[in-house]
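Undergrad: model this:
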Amino acid sequence: MLPTSLSAATTPQLAKWQGIALGAEAQITLAHPNRTKAQAVIEECVNEIARLESIFSLYQPNSVISQLNAHKHLNNPPPELIEVITSANAYSIKSNGLFDVTIQPLWALYHQHFQQESAAVQGPADADIAQILPYVDYRKITFNAEHIAIQKPMAITLNGIAQGYITDRIAALLTKHGYNNPLVNLVDNQAIGLHPSGRQWQIGVPAASQPWKIAKKHSIPAGKALATSGGYGTQWSAQAHHLLSPHTGRPVPHTPASITIIANTAMDADVQATIAALTPHASSLS
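TA: Below is the predicted model:
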């Protein structure tokens, strides 16, 4: 169960939950006429987040995706996992492989490299990267409704798409309960309606060079979602960050740049922001 708290915001029409989802800070904000009902609905949302985390989270060793990575195959996968992998495959094809969920072994190589004392600031040696790159290939995932398989030493991460997927699921759950104006912020942000005051919801976007500061604010149109991507997420050194190119095995050279995308769904915004940040001209986008 995720930690839960419900407190009144600055106006009595708003209720907020803040917690952790997929290793990042998360928040649900909604307008409510009845505090007890709002708390019950938020608790249902938190339970759904926890259920979906048990499928997608790399932070949980017993999650479904962790078991797939450990054993390299999975029978009778949850339909949610098949849905996300199917979508990820489509995004990979459209982006010519820039978006690739099999990037996880490469990320692990960098993480292990920078655990060493006096690690080279540019990252792992070319030879080490060359050993990993043949297994960074979304086309080597085989999957259907009954079975998923990956090759050794492949592993997948859905962190670039699962946050958006979960955000959309929670937004749909709130809509089902009749909440027409919530803001769902699970790394990606989705505004179902308008702020109770009638204005659009506003989201602060961190500065690329100082991610603890807000560089600008974006308004989210009703029914749209916003996502931001940049190399500031995990910065191992001045020359190495977590936005690794599946084609070269090296961090894309133009980041940290802050890329913000507004789309119809949080999942689409999530993936589009990642692809834009991995694209050579991304330094001109923000």
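Undergrad: Low-confidence regions, the stretch 51-200 of the chain specifically.
TA: 187-188, 196 (pLDDT under 70).
Undergrad: all strands for it, in order.
TA: Secondary structure of the stretch 51-200 of the chain by DSSP state E, counting those that start in this stretch: the strands cover 73-75, 142-143, 147-149, 183-186, 188-191.
Undergrad: Only the buried residues of the third one, if you could.
TA: By that I understand strand 147-149. 148-149 (16 or more other Cβ atoms under 10 Å). Glycine gets a C-beta too; all of them are placed from N, C-alpha and C.
Undergrad: partners of it, with directions?
TA: strand 73-75 (antiparallel), strand 142-143 (antiparallel) (DSSP bridges).
Undergrad: among those, which is nearest Asn34?
TA: strand 73-75 (42.1 Å; Cβ to Cβ).
Undergrad: Go ahead and name everything in contact with the closest one.
TA: Contacts with strand 73-75, where a contact means Cβ atoms under 8 Å, 6 or more residues apart in numbering, come from 64, 67-68, 81, 146-150.
Undergrad: next one: it to chain centre, how far?
TA: In terms of Cα atoms, centre = their mean, to the nearest Å, the centre of strand 73-75 is found 23 Å from the chain centre.
Undergrad: Check stretch 125-136 too.
TA: On Cα atoms, centre = their mean, the centre of stretch 125-136 falls 25 Å from that of its chain.
Undergrad: Can you get me the start-to-end distance on that stretch?
TA: 17 Å (Cα to Cα, to the nearest Å).
Undergrad: re earlier: now the strands of the stretch 51-200 of the chain as TSV including distance to Glu25?
TA: Formatted as TSV, the strands of the stretch 51-200 of the chain follow (distance: least, Cβ to Cβ, whole Å):
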stretch	distance to Glu25
strand 73-75	30
strand 142-143	31
strand 147-149	30
strand 183-186	8
strand 188-191	12
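Undergrad: quick one: which of the ones you listed is nearest Ala31?
TA: strand 183-186 (9.7 Å).
Undergrad: Not counting its own residues, what contacts that closest one?
TA: Against strand 183-186 from outside (Cβ under 8 Å, 6+ apart): 21-22, 24, 26-30, 49, 163, 166-167, 170-171, 174, 189-192, 195, 201, 203, 220, 266.
Undergrad: Among those, which lie within helices?
TA: 49, 163, 166-167, 170-171, 174, 266 (DSSP state H).
Undergrad: nearest to Lys94, of those residues?
TA: Nearest to Lys94 among the ones in helices among the contacts of strand 183-186, with distances taken as Cβ to Cβ, is Ala266, at 17.7 Å.
Undergrad: Was I right to think the closest one contacts Arg169?
TA: No: Ala266 is beyond contact range of Arg169, at 9.3 Å (criterion: Cβ atoms under 8 Å).
Undergrad: and those two? which has more neighbours close in?
TA: Ranked by neighbour count (other Cβ atoms under 10 Å), Ala266 and Arg169 place Ala266 first, with 29 against 20.
Undergrad: Fine, thanks again, bye for now.
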